[in-house]
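Q: The amino acid sequence is not available; the structure is as follows:
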């Protein structure tokens with residue numbers, strides 16, 4: 001059993017308001033989906049299946065979502081094993097670089113509101129608290145002020161982030177936007193579904209699934225380098241396809257991929273990923289006093305890592321979960337943590 005952890009005090013006059021389905025819900029509820037690939041083309045065929053309350057259909061449906069409901073058919077078995085633990089890396093001595101992606105899908109039917117704001121929430125922490133140089137931070141935001149977060153641009157910057165990594169370097173990757181799932185075709189997923197993220201042009205160019213993200217941004221990383229990733233999107237629990245998933249209930253690491261894929265998904269770098277929710281869950285948006293609407297996971301991550309410099313990993317992770325529970329007690333959202341090598345959770349954790 002985990003010890004009782006008192007959540008760090010929230011900002012003054014802390015109140016969170018979940019807005020209605022018309023304006024706030026970052027990831028729409030009552031929708032289930034899967035995507036089919038055409039047999040002889042690379043196009044993705046989409047159709048929407050909406051469950052639940054019919055009067056919310058207009059707001060719950062999302063063009064990223066398609067297919068037949070399947071969430072009640074998920075595999076419940078998780079293969080556990082005894083991992084070899086490694087020590088969380090201290091603050092790196094090499095270069096620090098970051099890639100931040102926030103997509104509101106501006107002007108599209110299923111537009112979001114808080115994802116551009118999420119970049120503005122996390123950017124000051126990277127620069128002022130975690131030592132990142134602004135010139136080494138790439139931002140892809142669909143606000144019309146810079147390179148758009150298209151599929152080609154996202155994949156290009158992912159490749160660059162990994163290509164220039166050297167021993168001692170530290171990278172930070174952040175994504176806020178739509179996420180979902182697609183049937184697993186290569187047998188590496190415990191639950192039978194790959195996770196994916198949606199670029200701004202996903203309706204024309206398609207989505208980016210976790211197999212592709214892993215091959216481009218995780219696998220090529222240099223030995224001795226470190227990547228910290230944060231996904232504030234739906235169905236993002238194992239979106240980096242890392243071999244180890246932290247089970248906070250049992251205080252141990254379990255399989256993040258199938259045992260047969262563990263070697264294939266290994267990395268010579270230290271890669272850690274914080275996700276806003278489990279693979280079958282949805283991430284929420286909230287508004288806080290004095291702050292524009294943004295992702296709940298982003299608020300929690302920034303608050304905990306800004307206020308707790310020396311806490312152990314286990315304490316920080318439980319603080320993040322406590323923030324989410326305090327903010328929205330009825331939210332069906334459990335932040336997740338996965339990594340390329342299991343960490344000693346009793347040691348301090350650094351970005």
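A: Arrived safely. In this text, all values refer to a predicted model and were calculated from it rather than measured experimentally.
Q: What distance do you get for residue 162 to residue 326?
A: For residue 162, the distance to residue 326 equals 36 Å [C-beta to C-beta, to the nearest Å]. Using the backbone N, CA and C atoms, a C-beta is placed for each residue, glycine as well.
Q: With neighbour numbers in mind, choose between these two.
A: More neighbours surround residue 162 than the other of residue 162 and residue 326, with 21 against 13 (other C-beta atoms under 10 Å).
Q: Now that one: which helix or strand?
A: Residue 162 belongs to helix 151-163 when assigned by DSSP states H and E.
Q: counting contacts, what elements does that helix pack onto?
A: strand 96-102, strand 137-141, strand 170-176, helix 202-205, strand 208-209 (3 or more C-beta pairs under 8 Å, 6 or more residues apart in numbering; DSSP states H and E).
Q: repeat that with 10 Å
A: Under the contact criterion of 3 or more C-beta pairs under 10 Å, 6 or more residues apart in numbering; DSSP states H and E, helix 151-163 touches strand 96-102, strand 137-141, strand 170-176, helix 202-205, strand 208-209, helix 210-213.
Q: which of these sits most buried?
A: Of all the helices and strands packed on helix 151-163, strand 170-176 has the most neighbours on average by mean count of other C-beta atoms under 10 Å, namely a mean of 26.
Q: any idea how far residue 198 is from residue 115?
A: Distance, residue 198 to residue 115, using C-beta to C-beta: 11 Å.
Q: With neighbour numbers in mind, choose between these two.
A: Shown here are residue 198 and residue 115; by other C-beta under 10 Å, residue 115 has more neighbours (29 against 26).
Q: Is it correct that that one is in contact with residue 276?
A: No: in this structure residue 115 lies outside contact range of residue 276 using C-beta atoms under 10 Å: 11.8 Å.
Q: which neighbours do those two share?
A: 26, 175, 176, 232, 233, 295, 298 (C-beta atoms under 10 Å, 6 or more residues apart in numbering).
Q: from the residues you listed, which is closest to residue 205?
A: Using C-beta to C-beta, residue 175 comes nearest to residue 205 of the shared contacts of residue 115 and residue 276, at 16.2 Å.
Q: Name the helix or strand for residue 235, please.
A: With DSSP H and E as the test, residue 235 turns up in no helix or strand.
Q: Next: the one 10 residues further on.
A: For residue 245, the element it lies in under DSSP H and E is strand 244-247.
Q: buried sites along that strand?
A: Buried residues in strand 244-247, counting neighbours by 16 or more other C-beta atoms under 10 Å, are found at 244, 245, 246.
Q: residues contacting the second one?
A: In this structure, residue 245 makes contact with 78, 190, 237-238, 253-257, 273, 275, 278-279, 336-339, 342, judged by C-beta under 10 Å, 6+ apart.
Q: can you do 6 Å?
A: Applying C-beta atoms under 6 Å, 6 or more residues apart in numbering to residue 245 gives the contacts 254, 256, 338.
Q: Tell me where the model's unsure across this structure.
A: By pLDDT under 70, the low-scoring segments of the chain are 1-92, 308-309.
Q: One more pass at 80, please.
A: 1-93, 260, 289, 308-310 (pLDDT under 80).
Q: Tell me how far the most centrally placed residue in it lies from residue 187.
A: By C-alpha atoms, centre = their mean, the chain has its centre lying nearest to residue 231, at 1.8 Å. Applying C-beta to C-beta, the value for residue 231 to residue 187 is 23 Å.
Q: centre of the chain versus the strand holding residue 245, how much separation?
A: 15 Å (C-alpha atoms, centre = their mean, to the nearest Å).
Q: That one pairs with which strands?
A: strand 252-255 (antiparallel), strand 336-339 (antiparallel) (DSSP bridges).
Q: Now tell me what touches the last one from outside.
A: Contacts of strand 336-339 with the rest of the structure, by C-beta under 6 Å, 6+ apart, involve 237-238, 242, 244-246, 256, 272-275, 278, 317.
Q: do stretch 133-151 as well
A: Contact with stretch 133-151 is made by 97-104, 106, 116, 119, 127, 153, 157, 199-201, 205, as judged by C-beta under 6 Å, 6+ apart.
Q: coming back round to it: for the contacts of residue 245, which single residue is the most surrounded?
A: Greatest neighbour count in these, by other C-beta under 10 Å, goes to residue 256: 28 neighbours.
Q: I'd like the distance between that one and residue 176.
A: 22 Å.
Q: ok so, going back, how about the residue nearest to the centre of the chain, secondary structure?
A: Recorded secondary structure, residue 231: strand (DSSP: H, G, I helix; E, B strand; the rest coil).
Q: Next, work out how far apart it and residue 166 are.
A: 25 Å.
Q: same deal with residue 331?
A: On the measure of C-beta to C-beta, residue 331 and residue 166 end up 40 Å apart.
Q: Using a markdown table, please lay out the helices and strands packed on helix 151-163 together with distance to residue 224.
A: A markdown table is the format used below for the helices and strands packed on helix 151-163 (distance: least, C-beta to C-beta, whole Å):
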| stretch | distance to residue 224 |
| --- | --- |
| strand 96-102 | 14 |
| strand 137-141 | 22 |
| strand 170-176 | 11 |
| helix 202-205 | 34 |
| strand 208-209 | 27 |
| helix 210-213 | 21 |
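Q: of all those, which lies closest to residue 226?
A: Smallest distance to residue 226 across the helices and strands packed on helix 151-163 (C-beta to C-beta): 4.9 Å, for strand 170-176.
Q: Within the sheet, what are the partner strands of the helix or strand just after the closest one, with directions?
A: From strand 170-176 onward toward the C-terminus, using DSSP H and E, the following helix or strand is strand 179-183. Sheet pairing of strand 179-183 (DSSP bridges) gives strand 193-197 (antiparallel).
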